[in-house]
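> with the input below, show me the fold.
(chains A and B)
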Amino acid sequence: LAKTTQPISMDSYEGQEVNITCSHNNIATNDYITWYQQFPSQGPRFIIQGYKTKVTNEVASLFIPADRKSSTLSLPRVSLSDTAVYYCLVGSYNAGNMLTFGGGTRLMVKP
Amino acid sequence: DTGVSQDPRHKITKRGQNVTFRCDPISEHNRLYWYRQTLGQGPEFLTYFQNEAQLEKSRLLSDRFSAERPKGSFSTLEIQRTEQGDSAMYLCASSPRTGHYEQYFGPGTRLTVT
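You can find the predicted model right below:
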């Protein structure tokens, strides 16, 4: 599975847009990019997945450039409740479909 | 449907004791996963079931660990002769046959070995 690199932590303020970038230089042709969110003492929660260009859902947007060597998770107008760890995962999810998590990005939203 | 449930939520045990955790996946999901998460780290894959068949096990799953999923419904994870290094959050996740990339996680069982 392609290794990912993302910032260890980020700070933001309520109402701001937050962009978390993930590098995955060795992404393979069949790999998808998936983001999970985890609150303290809870299991991770799927946020969004994409293969190329842009994907948007009710929670976030995912921007993937043409070379797919990086991706950016965009959270619009964050609130205090968005304080969490955000994980970027890359993989083809064939067969076993096990997820490989890195260290994630700890987002702290301040009032 | 209330999602993936795990029991107990917290377990404190003494070194050398055996512990067993239970996971109830979302009812229509045929894939079930176990992960382990230590403080400050992302979850690490332990093992995976498709229906009742255990299809993959991580090297992290030593001989002291065993997992079952009888009848393809709930699953149990047993740790024998617990060690302090086993202290972690044990997470269970399930996914349907389709939409394979999205896994639904339970709240986890926090194990503390003293």
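> buried set for the helix-or-strand element of chain B with minimal mean pLDDT?
Across the helices and strands of chain B, the lowest-confidence element by mean pLDDT, DSSP states H and E is strand B:53-57, at a mean of 88. If you call a residue buried by 16 or more other CB atoms under 10 Å in any protein chain shown, then strand B:53-57 has these buried ones: B:Gln54, B:Glu56. C-beta here means a position set from N, CA and C on the backbone, and glycine is covered the same way.
> same thing with stretch A:100-109?
Buried residues in stretch A:100-109 (16+ other CB under 10 Å): A:Thr100, A:Phe101, A:Gly102, A:Gly104, A:Thr105, A:Arg106, A:Leu107, A:Val109.
> what comes into contact with that stretch?
Residues from elsewhere that reach stretch A:100-109 (CB atoms under 8 Å, 6 or more residues apart in numbering or on different chains): A:1, A:3-14, A:18, A:20, A:36, A:38, A:44, A:75, A:78-89, A:91, B:40-45.
> which of these are buried, as a ChimeraX select command?
Only the buried entries of the contacts of stretch A:100-109 go into this ChimeraX selection, using 16+ other CB under 10 Å:
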select /A:1,4,6,10,12,18,20,36,38,44,75,78,82,83,84,85,86,87,88,89,91 /B:42,43,44,45
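> among the contacts of stretch A:100-109, which are in strands?
Secondary structure defined by DSSP state E assigns A:9-13, A:18, A:20, A:36, A:38, A:75, A:84-89, A:91, B:44-45 of the contacts of stretch A:100-109 to strands.
> do you know the pLDDT at the most centrally placed residue in chain B?
Central residue of chain B (CA atoms, centre = their mean): B:Trp34, 3.4 Å from the mean position. On pLDDT, B:Trp34 comes in at 96.
> could you measure it against A:Lys54, distance?
Going from B:Trp34 to A:Lys54 by CB to CB, to the nearest Å gives 34 Å.
> repeat that for B:His29.
The spacing between B:His29 and A:Lys54, counted by CB to CB, is 29 Å.
> of those two, which one has the most company?
B:His29 (18 against 11; other CB atoms under 10 Å in any protein chain shown).
> ok, now which ones touch residue 86?
No chain specified, so I'll use chain A. Each residue near A:Tyr86 by CB under 8 Å, 6+ apart is listed here: A:Gln6, A:Ile20, A:Trp35, A:Tyr36, A:Gln37, A:Gln38, A:Ile47, A:Leu73, A:Gly104, A:Thr105, A:Leu107.
> correction: the question concerned chain B.
Contacts of B:Asp86 by CB under 8 Å, 6+ apart are B:Ile79, B:Leu111, B:Val113.
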